[in-house]
Every structure is written in structure tokens, then in C-alpha cells.
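Undergrad: I need the structure of the sequence given here:
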Amino acid sequence: QVEVVETGGGLVHPGGSLRLSCAASGRGFNRYAMGWFRQAPGKEREFLAGMAWHGTARYADSVKGRFTIGRVNADNTLYLQMDSLKSEDTAVYYCTSDLTLAMVVTGTSAHWGQGTQVTVSS
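TA: The predicted model follows:
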């Protein structure tokens, strides 16, 4: 399995953009599906976007058209480009990995990063 570390969070104004990165270590990154979740205070962890090893992507309706997931297998890195940010996007964002995209979407992986805080506020 891969271990992951998220970076790139911060404070951004509504309508702004932010790019999160997830650096993976361990063997076989290019064979795993990867994904992004977030958890706001008092809410359940929410699936945002996932990408299979070959590039097929899936998005939650709440972020479709605003967020873009990408991966560079040669760099063992997963990205999340977030545009048109809203105050309700404020949350801790997590990266995860699993064997398949379907499994990533369930959010039941045992492998998560520590999270990175994103705050959208004027």
C-alpha cells in the first residue's frame, strides 16, 4: 500500500482557487486508485473526487465542474485543483488510496493522510 501526505491548504477568498497535492510513498503508486475527501466540523467525511490508476475519474455532484483531480504517476503525486471556491468548501481535506476506484469512493480505505485545512472566507 501507499502512504500519503497532503499539502496545499490555506485561507482563500470566495471565488478563489487552491491546488492541493498528495505525495505518496511506498511501492506501486501507479497501480492504486486515489481519491480526495473532506470533512467539515460536525459533518461526515464526504467523497469529492477519485481517479483510477489509468486516469478514469469520478466526481461528487457538489464539486463537479469546479474541482479537477489529476495524478502524475511518475512523481507519485495526486492533485486537486479547486476553483470557484465557496464558504461551504471549508473543511479538512484528505487524500486516500485503495485498490480500485469503486473502493476509493466508499471511503473505507485504511490508508489516509493527516489532512490539510482549507478555509474559504472573506
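Undergrad: Could you list the low-confidence segments of this structure?
TA: Within the chain, the ranges that satisfy pLDDT under 70 run 1.
Undergrad: Quick check: phi and psi on His13?
TA: When read as degrees, to the nearest 10, the backbone of His13 gives phi -80, psi 150.
Undergrad: ditto for Thr96
TA: Taking degrees, to the nearest 10 as the convention, Thr96 sits at phi -150, psi 160.
Undergrad: For it, give me its contacts.
TA: Val4, Met34, Gly35, Trp36, Phe37, Val104, Gly107, Ser109, His111, Trp112, Gly113 (C-beta atoms under 8 Å, 6 or more residues apart in numbering). Using the backbone N, CA and C atoms, a C-beta is placed for each residue, glycine as well.
Undergrad: same question, Gly16
TA: Gly16 sits next to Leu85, Val120 when contact means C-beta under 8 Å, 6+ apart.
Undergrad: quick one: Val63 and Leu48 touch, right?
TA: Yes: using C-beta atoms under 8 Å, Val63 is in contact with Leu48, at 5.2 Å.
Undergrad: Val63 and Thr116: what is the separation?
TA: 16 Å (C-beta to C-beta, to the nearest Å).
Undergrad: Mind listing the residues bridging to the nearest residue in space to Thr100 that is not next to it in sequence?
TA: Leaving aside its sequence neighbours, Thr100 sits nearest to Ala33 (C-beta to C-beta, 6 or more residues apart in numbering; 5.4 Å). Beta-bridge partners recorded for Ala33 (DSSP bridges): Asp98.
Undergrad: Excluding chain neighbours, give the residue nearest to His13 in space.
TA: Leaving out its chain neighbours, the residue that sits closest to His13 by C-beta to C-beta, 6+ apart is Ser122, at 5.6 Å.
Undergrad: Look up phi and psi at the most centrally placed residue in the chain.
TA: Centroid-nearest residue in the chain, with C-alpha atoms, centre = their mean: Trp36, separated by 2.2 Å. Per-residue torsions, Trp36: phi -120, psi 140 (degrees, to the nearest 10).
Undergrad: Does it touch Gly50 like I think?
TA: Yes: under the criterion of C-beta under 8 Å, Trp36 makes contact with Gly50 at 7.4 Å.
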